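Enquirer: all I have is the shape, not the residue letters:
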(Lines give C-alpha, C1' and ligand atoms only; values in the text may rest on other atoms or scores of the structure.)
Protein backbone atom coordinates (compact mmCIF):
# COMPACT_ATOMS: atom_id res chain seq x y z
CA UNK A 1 0.00 0.00 0.00
CA UNK A 2 2.82 2.42 0.89
CA UNK A 3 4.56 1.72 -2.43
CA UNK A 4 1.34 2.38 -4.32
CA UNK A 5 0.80 5.65 -2.50
CA UNK A 6 4.37 6.68 -3.28
CA UNK A 7 3.89 5.84 -6.95
CA UNK A 8 0.62 7.79 -6.97
CA UNK A 9 2.41 10.83 -5.57
CA UNK A 10 5.12 10.55 -8.23
CA UNK A 11 2.53 10.26 -10.99
CA UNK A 12 0.61 13.26 -9.60
CA UNK A 13 3.71 15.43 -9.58
CA UNK A 14 4.70 14.29 -13.05
CA UNK A 15 1.16 15.23 -14.16
CA UNK A 16 1.65 18.67 -12.61
CA UNK A 17 4.70 19.19 -14.78
CA UNK A 18 3.04 17.91 -17.94
CA UNK A 19 0.04 20.15 -17.46
CA UNK A 20 2.15 23.26 -16.87
CA UNK A 21 2.86 23.58 -20.57
CA UNK A 22 3.36 26.84 -22.35
CA UNK A 23 0.43 28.61 -23.99
CA UNK A 24 1.20 30.66 -27.07
CA UNK A 25 2.93 33.99 -26.74
CA UNK A 26 0.76 37.08 -26.44
CA UNK A 27 0.24 39.20 -29.59
CA UNK A 28 3.13 41.38 -28.40
CA UNK A 29 5.48 38.40 -28.18
CA UNK A 30 5.58 38.36 -24.36
CA UNK A 31 5.10 35.18 -22.38
CA UNK A 32 1.69 35.70 -20.66
CA UNK A 33 2.99 34.51 -17.30
CA UNK A 34 4.88 37.78 -16.91
CA UNK A 35 1.59 39.69 -16.98
CA UNK A 36 0.49 37.54 -14.05
CA UNK A 37 3.72 38.42 -12.25
CA UNK A 38 2.98 42.12 -12.87
CA UNK A 39 -0.53 41.75 -11.49
CA UNK A 40 0.73 39.99 -8.37
CA UNK A 41 3.35 42.73 -7.96
CA UNK A 42 0.70 45.45 -7.95
CA UNK A 43 -1.76 43.82 -5.55
CA UNK A 44 1.03 42.96 -3.10
CA UNK A 45 2.45 46.48 -3.33
CA UNK A 46 -0.96 47.91 -2.44
CA UNK A 47 -1.88 45.46 0.31
CA UNK A 48 1.41 45.25 2.16
CA UNK A 49 2.22 48.89 1.54
CA UNK A 50 -0.95 49.65 3.52
CA UNK A 51 -0.09 47.17 6.30
CA UNK A 52 3.57 48.19 6.66
CA UNK A 53 2.83 51.92 6.66
CA UNK A 54 1.46 51.41 10.19
CA UNK A 55 4.77 52.41 11.82
CA UNK A 56 4.73 55.81 10.12
CA UNK A 57 1.36 56.67 11.69
CA UNK A 58 1.72 54.85 15.03
CA UNK A 59 2.81 57.90 17.02
CA UNK A 60 -0.01 60.05 15.66
CA UNK A 61 -2.64 57.38 16.38
CA UNK A 62 -1.27 56.76 19.88
CA UNK A 63 -1.22 60.48 20.67
CA UNK A 64 -4.78 61.08 19.46
CA UNK A 65 -6.27 58.20 21.46
CA UNK A 66 -3.89 58.37 24.43
CA UNK A 67 -2.81 54.75 23.91
CA UNK A 68 0.33 52.83 24.87
CA UNK A 69 2.86 51.46 22.38
CA UNK A 70 1.66 47.91 22.98
CA UNK A 71 -1.97 48.83 22.35
CA UNK A 72 -1.23 50.58 19.07
CA UNK A 73 1.07 47.76 17.96
CA UNK A 74 -2.03 45.56 17.99
CA UNK A 75 -3.21 47.45 14.88
CA UNK A 76 -0.29 46.00 12.90
CA UNK A 77 -0.68 42.59 14.53
CA UNK A 78 -4.36 42.43 13.58
CA UNK A 79 -3.76 43.48 9.98
CA UNK A 80 -1.01 40.93 9.45
CA UNK A 81 -2.81 38.14 11.28
CA UNK A 82 -6.07 38.78 9.40
CA UNK A 83 -4.16 38.64 6.12
CA UNK A 84 -2.69 35.21 6.80
CA UNK A 85 -5.61 33.64 8.69
CA UNK A 86 -8.03 34.30 5.83
CA UNK A 87 -5.63 32.57 3.45
CA UNK A 88 -6.92 29.24 4.79
CA UNK A 89 -10.14 30.13 2.92
CA UNK A 90 -8.80 32.09 -0.05
CA UNK A 91 -6.06 29.59 -0.90
CA UNK A 92 -8.42 26.66 -1.60
CA UNK A 93 -10.89 29.07 -3.23
CA UNK A 94 -8.14 30.23 -5.61
CA UNK A 95 -7.65 26.60 -6.70
CA UNK A 96 -11.38 26.47 -7.45
CA UNK A 97 -12.32 29.83 -9.01
CA UNK A 98 -9.01 31.50 -9.84
CA UNK A 99 -7.29 34.62 -8.50
CA UNK A 100 -8.92 37.55 -10.29
CA UNK A 101 -12.20 37.78 -8.39
CA UNK A 102 -10.60 37.18 -5.00
CA UNK A 103 -7.82 39.70 -5.53
CA UNK A 104 -10.24 42.32 -6.86
CA UNK A 105 -12.49 41.93 -3.82
CA UNK A 106 -9.42 42.14 -1.61
CA UNK A 107 -8.27 45.43 -3.07
CA UNK A 108 -11.70 46.94 -2.46
CA UNK A 109 -11.50 45.75 1.15
CA UNK A 110 -8.10 47.41 1.59
CA UNK A 111 -9.53 50.71 0.39
CA UNK A 112 -12.59 50.32 2.61
CA UNK A 113 -10.45 49.50 5.64
CA UNK A 114 -8.41 52.67 5.24
CA UNK A 115 -11.58 54.73 4.86
CA UNK A 116 -13.08 53.21 8.02
CA UNK A 117 -9.89 53.96 9.96
CA UNK A 118 -9.91 57.54 8.68
CA UNK A 119 -13.29 58.15 10.33
CA UNK A 120 -12.52 56.26 13.56
CA UNK A 121 -13.56 57.85 16.86
CA UNK A 122 -12.04 55.14 19.07
CA UNK A 123 -8.98 52.91 18.86
CA UNK A 124 -11.30 49.91 18.47
CA UNK A 125 -12.59 51.37 15.21
CA UNK A 126 -8.98 51.72 14.03
CA UNK A 127 -8.52 48.04 14.91
CA UNK A 128 -11.53 47.14 12.76
CA UNK A 129 -10.62 49.34 9.79
CA UNK A 130 -6.85 49.52 9.57
CA UNK A 131 -6.38 46.22 11.35
CA UNK A 132 -9.02 43.69 10.32
CA UNK A 133 -10.44 45.01 7.01
CA UNK A 134 -7.10 46.03 5.50
CA UNK A 135 -5.59 42.72 6.58
CA UNK A 136 -8.49 40.69 5.17
CA UNK A 137 -8.25 42.55 1.88
CA UNK A 138 -4.53 41.82 1.57
CA UNK A 139 -5.19 38.19 2.47
CA UNK A 140 -7.82 37.87 -0.25
CA UNK A 141 -5.15 38.87 -2.79
CA UNK A 142 -1.87 37.46 -1.44
CA UNK A 143 -2.12 33.67 -1.65
CA UNK A 144 -4.33 33.62 -4.78
CA UNK A 145 -1.88 35.91 -6.59
CA UNK A 146 1.18 33.90 -5.53
CA UNK A 147 -0.53 30.61 -6.38
CA UNK A 148 -1.28 31.96 -9.85
CA UNK A 149 2.41 32.76 -10.35
CA UNK A 150 3.49 29.25 -9.25
CA UNK A 151 1.23 27.66 -11.88
CA UNK A 152 2.77 29.62 -14.74
CA UNK A 153 6.42 28.85 -13.93
CA UNK A 154 8.61 25.86 -12.99
CA UNK A 155 12.29 26.26 -13.95
CA UNK A 156 12.20 30.01 -13.23
CA UNK A 157 9.71 29.75 -10.40
CA UNK A 158 12.08 31.42 -7.93
CA UNK A 159 12.67 34.43 -10.18
CA UNK A 160 8.96 34.82 -10.96
CA UNK A 161 8.07 34.63 -7.26
CA UNK A 162 10.83 37.09 -6.40
CA UNK A 163 9.65 39.66 -8.92
CA UNK A 164 6.04 39.28 -7.77
CA UNK A 165 6.77 39.75 -4.08
CA UNK A 166 9.06 42.67 -4.87
CA UNK A 167 5.78 44.56 -4.78
CA UNK A 168 5.93 44.19 -1.01
CA UNK A 169 9.39 45.78 -0.99
CA UNK A 170 8.30 48.63 -3.23
CA UNK A 171 5.26 49.20 -1.03
CA UNK A 172 7.50 49.36 2.04
CA UNK A 173 10.11 51.57 0.37
CA UNK A 174 7.38 54.04 -0.62
CA UNK A 175 6.23 54.51 2.99
CA UNK A 176 8.65 57.36 3.94
CA UNK A 177 8.20 59.49 0.79
CA UNK A 178 4.47 58.80 0.69
CA UNK A 179 4.15 59.82 4.33
CA UNK A 180 5.95 63.10 3.66
CA UNK A 181 3.82 63.77 0.57
CA UNK A 182 0.53 63.00 2.31
CA UNK A 183 1.47 65.08 5.37
CA UNK A 184 1.02 68.16 3.18
CA UNK A 185 -2.68 67.28 2.88
CA UNK A 186 -3.28 66.97 6.62
CA UNK A 187 -3.02 64.46 9.46
CA UNK A 188 -3.11 60.64 9.37
CA UNK A 189 -6.87 60.65 8.73
CA UNK A 190 -6.53 62.57 5.46
CA UNK A 191 -3.60 60.33 4.49
CA UNK A 192 -5.79 57.26 4.99
CA UNK A 193 -8.56 58.64 2.76
CA UNK A 194 -6.15 59.41 -0.08
CA UNK A 195 -4.38 56.07 0.34
CA UNK A 196 -7.68 54.16 0.36
CA UNK A 197 -8.83 55.64 -2.95
CA UNK A 198 -5.45 55.05 -4.59
CA UNK A 199 -5.22 51.50 -3.24
CA UNK A 200 -8.56 50.50 -4.75
CA UNK A 201 -7.69 51.99 -8.15
CA UNK A 202 -4.20 50.49 -8.51
CA UNK A 203 -5.16 47.22 -6.86
CA UNK A 204 -8.07 46.53 -9.19
CA UNK A 205 -5.77 47.08 -12.16
CA UNK A 206 -3.35 44.51 -10.78
CA UNK A 207 -6.10 41.99 -10.05
CA UNK A 208 -7.28 42.17 -13.67
CA UNK A 209 -3.89 40.81 -14.81
CA UNK A 210 -4.15 37.58 -12.78
CA UNK A 211 -5.24 35.35 -15.64
CA UNK A 212 -5.42 31.54 -15.38
CA UNK A 213 -3.27 29.17 -17.42
CA UNK A 214 -5.22 28.47 -20.67
CA UNK A 215 -6.37 24.92 -21.16
CA UNK A 216 -5.83 23.94 -17.55
CA UNK A 217 -8.94 23.47 -15.44
CA UNK A 218 -8.72 24.56 -11.79
CA UNK A 219 -9.26 22.15 -8.96
CA UNK A 220 -13.04 21.80 -8.44
CA UNK A 221 -13.79 19.97 -5.18
CA UNK A 222 -17.32 20.03 -3.82
CA UNK A 223 -16.16 22.54 -1.23
CA UNK A 224 -13.00 24.71 -1.13
CA UNK A 225 -11.24 22.36 1.28
CA UNK A 226 -7.46 21.99 1.78
CA UNK A 227 -5.72 19.20 -0.18
CA UNK A 228 -4.94 15.87 1.58
CA UNK A 229 -1.21 16.63 1.85
CA UNK A 230 -2.03 19.14 4.61
CA UNK A 231 -2.49 16.27 7.07
CA UNK A 232 0.97 14.75 6.50
CA UNK A 233 4.22 14.68 8.47
CA UNK A 234 6.11 16.95 6.09
CA UNK A 235 3.39 19.58 6.18
CA UNK A 236 3.49 19.53 10.00
CA UNK A 237 7.22 20.31 9.89
CA UNK A 238 6.60 23.01 7.29
CA UNK A 239 3.84 24.60 9.38
CA UNK A 240 5.77 24.66 12.66
CA UNK A 241 8.94 25.82 10.93
CA UNK A 242 7.20 28.63 9.07
CA UNK A 243 5.54 29.80 12.28
CA UNK A 244 8.84 30.05 14.16
CA UNK A 245 10.76 31.64 11.28
CA UNK A 246 7.94 34.15 10.86
CA UNK A 247 8.55 35.51 14.37
CA UNK A 248 11.71 37.43 13.38
CA UNK A 249 10.21 38.14 9.95
CA UNK A 250 7.36 40.19 11.44
CA UNK A 251 9.05 42.36 14.06
CA UNK A 252 11.13 45.09 12.36
CA UNK A 253 8.16 46.46 10.40
CA UNK A 254 6.27 46.83 13.68
CA UNK A 255 8.89 47.99 16.18
CA UNK A 256 12.15 49.06 14.50
CA UNK A 257 10.95 52.67 14.34
CA UNK A 258 10.01 52.62 18.03
CA UNK A 259 13.32 51.12 19.17
CA UNK A 260 15.20 53.63 17.01
CA UNK A 261 13.28 56.44 18.72
CA UNK A 262 14.25 54.95 22.08
CA UNK A 263 17.90 55.39 21.05
CA UNK A 264 17.29 59.09 20.44
CA UNK A 265 17.07 58.92 16.65
CA UNK A 266 14.80 61.52 15.04
CA UNK A 267 11.37 60.61 13.69
CA UNK A 268 12.18 61.09 10.00
CA UNK A 269 15.42 59.12 10.32
CA UNK A 270 13.60 56.34 12.21
CA UNK A 271 10.84 56.09 9.60
CA UNK A 272 13.50 56.06 6.87
CA UNK A 273 14.63 52.68 8.25
CA UNK A 274 11.39 51.21 6.85
CA UNK A 275 12.40 52.48 3.44
CA UNK A 276 15.78 50.77 3.80
CA UNK A 277 14.04 47.50 4.65
CA UNK A 278 11.99 47.92 1.50
CA UNK A 279 15.08 48.59 -0.63
CA UNK A 280 16.78 45.56 0.89
CA UNK A 281 13.82 43.34 0.11
CA UNK A 282 13.75 44.49 -3.51
CA UNK A 283 17.41 43.58 -3.99
CA UNK A 284 17.02 40.38 -2.00
CA UNK A 285 13.92 39.16 -3.78
CA UNK A 286 15.41 39.62 -7.22
CA UNK A 287 19.08 38.71 -6.66
CA UNK A 288 18.41 35.88 -4.24
CA UNK A 289 15.65 34.46 -6.43
CA UNK A 290 17.97 34.36 -9.46
CA UNK A 291 20.68 32.72 -7.33
CA UNK A 292 18.16 30.20 -6.01
CA UNK A 293 17.08 29.11 -9.49
CA UNK A 294 20.75 28.70 -10.44
CA UNK A 295 22.15 26.82 -7.43
CA UNK A 296 19.05 25.33 -5.79
CA UNK A 297 15.97 26.95 -4.26
CA UNK A 298 15.85 24.77 -1.16
CA UNK A 299 19.35 25.55 0.12
CA UNK A 300 19.06 29.27 -0.56
CA UNK A 301 15.64 29.39 1.11
CA UNK A 302 16.94 27.73 4.28
CA UNK A 303 19.97 30.05 4.31
CA UNK A 304 17.64 33.06 4.18
CA UNK A 305 15.64 31.68 7.11
CA UNK A 306 18.75 31.17 9.23
CA UNK A 307 20.25 34.53 8.29
CA UNK A 308 17.04 36.39 9.06
CA UNK A 309 16.85 34.78 12.50
CA UNK A 310 20.48 35.63 13.31
CA UNK A 311 20.04 39.22 12.12
CA UNK A 312 17.93 39.80 15.24
CA UNK A 313 21.21 39.76 17.20
CA UNK A 314 22.45 42.75 15.19
CA UNK A 315 19.26 44.63 16.05
CA UNK A 316 19.59 43.61 19.70
CA UNK A 317 23.14 45.00 19.94
CA UNK A 318 22.64 48.12 17.79
CA UNK A 319 23.51 51.35 19.60
CA UNK A 320 23.42 53.96 16.83
CA UNK A 321 21.72 54.86 13.57
CA UNK A 322 24.45 53.46 11.30
CA UNK A 323 24.13 49.95 12.74
CA UNK A 324 20.35 50.09 12.49
CA UNK A 325 20.64 51.16 8.85
CA UNK A 326 22.93 48.21 8.10
CA UNK A 327 20.52 45.91 9.92
CA UNK A 328 17.53 47.25 7.97
CA UNK A 329 19.21 46.62 4.61
CA UNK A 330 20.51 43.17 5.57
CA UNK A 331 17.28 42.06 7.19
CA UNK A 332 15.31 43.34 4.21
CA UNK A 333 17.38 41.27 1.77
CA UNK A 334 17.05 38.08 3.84
CA UNK A 335 13.37 38.57 4.57
CA UNK A 336 12.84 39.27 0.89
CA UNK A 337 14.44 35.94 0.05
CA UNK A 338 12.30 34.16 2.65
CA UNK A 339 9.03 35.64 1.38
CA UNK A 340 9.95 35.14 -2.29
CA UNK A 341 11.09 31.53 -1.96
CA UNK A 342 8.52 30.22 0.53
CA UNK A 343 5.81 29.72 -2.17
CA UNK A 344 8.39 28.08 -4.45
CA UNK A 345 9.61 25.88 -1.57
CA UNK A 346 6.01 24.76 -1.00
CA UNK A 347 5.34 24.14 -4.69
CA UNK A 348 8.61 22.21 -5.06
CA UNK A 349 7.87 20.12 -1.98
CA UNK A 350 4.14 19.44 -2.35
CA UNK A 351 3.40 20.01 -6.06
CA UNK A 352 1.90 22.97 -7.91
CA UNK A 353 -1.56 21.64 -8.76
CA UNK A 354 -3.17 22.50 -5.40
CA UNK A 355 -0.58 25.03 -4.30
CA UNK A 356 -3.26 27.58 -3.36
CA UNK A 357 -4.80 25.26 -0.80
CA UNK A 358 -1.44 24.22 0.67
CA UNK A 359 -0.18 27.80 0.88
CA UNK A 360 -3.47 28.97 2.32
CA UNK A 361 -3.30 26.64 5.30
CA UNK A 362 0.46 27.08 5.74
CA UNK A 363 0.18 30.85 5.85
CA UNK A 364 -2.10 30.75 8.87
CA UNK A 365 1.13 30.00 10.77
CA UNK A 366 2.38 33.41 9.69
CA UNK A 367 -0.87 34.85 11.00
CA UNK A 368 -0.21 33.32 14.42
CA UNK A 369 3.28 34.83 14.42
CA UNK A 370 2.02 38.27 13.42
CA UNK A 371 -0.73 38.24 16.02
CA UNK A 372 1.57 37.19 18.85
CA UNK A 373 5.06 38.53 18.18
CA UNK A 374 4.73 42.35 17.90
CA UNK A 375 2.61 42.87 21.06
CA UNK A 376 4.75 40.33 22.95
CA UNK A 377 7.97 42.12 22.00
CA UNK A 378 6.47 45.53 22.83
CA UNK A 379 5.41 44.37 26.29
CA UNK A 380 8.74 42.52 26.74
CA UNK A 381 10.65 45.71 25.99
CA UNK A 382 8.55 47.59 28.55
CA UNK A 383 8.99 44.86 31.17
CA UNK A 384 12.75 44.42 30.71
CA UNK A 385 13.48 48.09 29.94
CA UNK A 386 15.19 47.16 26.69
CA UNK A 387 14.88 45.12 23.52
CA UNK A 388 18.11 43.08 23.61
CA UNK A 389 17.00 40.01 25.58
CA UNK A 390 13.61 39.59 23.84
CA UNK A 391 15.33 39.76 20.44
CA UNK A 392 17.90 37.14 21.43
CA UNK A 393 15.01 34.80 22.31
CA UNK A 394 13.35 35.54 18.95
CA UNK A 395 16.61 34.69 17.16
CA UNK A 396 16.75 31.30 18.89
CA UNK A 397 13.15 30.51 17.94
CA UNK A 398 13.83 31.48 14.33
CA UNK A 399 16.79 29.10 14.16
CA UNK A 400 14.63 26.30 15.57
CA UNK A 401 12.12 26.99 12.80
CA UNK A 402 14.86 26.76 10.17
CA UNK A 403 15.81 23.29 11.43
CA UNK A 404 12.20 22.15 11.20
CA UNK A 405 11.89 23.41 7.63
CA UNK A 406 15.05 21.50 6.76
CA UNK A 407 13.25 18.29 7.76
CA UNK A 408 10.61 18.72 5.05
CA UNK A 409 11.48 16.10 2.45
CA UNK A 410 12.33 17.19 -1.07
CA UNK A 411 9.50 16.86 -3.56
CA UNK A 412 9.82 14.23 -6.30
CA UNK A 413 9.87 16.79 -9.10
CA UNK A 414 11.27 15.90 -12.49
CA UNK A 415 14.43 17.75 -13.40
CA UNK A 416 13.10 18.31 -16.90
CA UNK A 417 11.44 21.69 -17.13
CA UNK A 418 8.29 21.86 -19.23
CA UNK A 419 8.18 24.12 -22.31
CA UNK A 420 6.30 26.75 -20.27
CA UNK A 421 9.49 27.68 -18.51
CA UNK A 422 12.18 27.22 -21.09
CA UNK A 423 11.70 30.72 -22.43
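Expert: Perfect, I can see it now. Since this is a predicted model, take the numbers as computed values, not measurements.

Enquirer: and the residue nearest to residue 364 when sequence neighbours are not counted, how many neighbours?
Expert: Once its chain neighbours are removed from consideration, residue 364 has its nearest residue in residue 88; the separation is 5.0 Å (C-beta to C-beta, 6 or more residues apart in numbering). Glycine gets a C-beta too; all of them are placed from N, C-alpha and C. Number of residues near residue 88 (other C-beta atoms under 10 Å) recorded here: 22.

Enquirer: just checking, residue 88 touches residue 366?
Expert: No. Residue 88 is beyond contact range of residue 366, at 11.2 Å (criterion: C-beta atoms under 8 Å).

Enquirer: and residue 203, how far from residue 170?
Expert: With distances taken as C-beta to C-beta, to the nearest Å, residue 203 is found 14 Å from residue 170.

Enquirer: circling back to that earlier point, quick one: buried residues of whichever strand or helix holds the residue nearest to residue 364?
Expert: Secondary structure assignment for residue 88, by DSSP states H and E: helix 87-97. Of the residues in helix 87-97, those buried under the neighbour-count criterion (16 or more other C-beta atoms under 10 Å) are 87, 88, 89, 90, 91, 92, 93, 94, 95, 96, 97.

Enquirer: what do you get for stretch 77-88?
Expert: By neighbour count, with 16+ other C-beta under 10 Å as the criterion, the buried positions of stretch 77-88 are 77, 78, 79, 80, 81, 82, 83, 84, 85, 86, 87, 88.

Enquirer: quick one: which of the residues you listed is nearest residue 114?
Expert: residue 79 (10.7 Å; C-beta to C-beta).

Enquirer: the helices in the stretch 201-350 of the chain, which residues?
Expert: Using DSSP state H, counting those that start in this stretch, the helices assigned to the stretch 201-350 of the chain run over residues 233-262, 267-283, 289-295, 297-317, 321-350.

Enquirer: for the residue sitting nearest the centre point of the chain, which non-adjacent residue is closest in space?
Expert: Centrality entry for the chain: nearest residue to the mean C-alpha point is residue 339, 5.7 Å, by C-alpha atoms, centre = their mean. Taking C-beta to C-beta, 6+ apart, and ignoring the residues beside it in sequence, residue 339 has residue 165 as its nearest neighbour in space, at 5.1 Å.

Enquirer: need the pLDDT of the one you found.
Expert: Per-residue confidence at residue 165 stands at 81 (pLDDT).

Enquirer: point out where this structure drops to low pLDDT.
Expert: Low-confidence segments of the chain, defined by pLDDT under 70, are located at 1-29, 69-70, 175-176, 179, 182-184, 215-231, 352-353, 385, 411-423.

Enquirer: who's in contact with the residue nearest to residue 86 when sequence neighbours are not counted?
Expert: Distances taken as C-beta to C-beta, 6+ apart place residue 139 nearest to residue 86, at 3.8 Å, with adjacent residues excluded. Contact analysis of residue 139 by C-beta atoms under 8 Å, 6 or more residues apart in numbering lists 82, 83, 84, 85, 86, 87, 90, 106.
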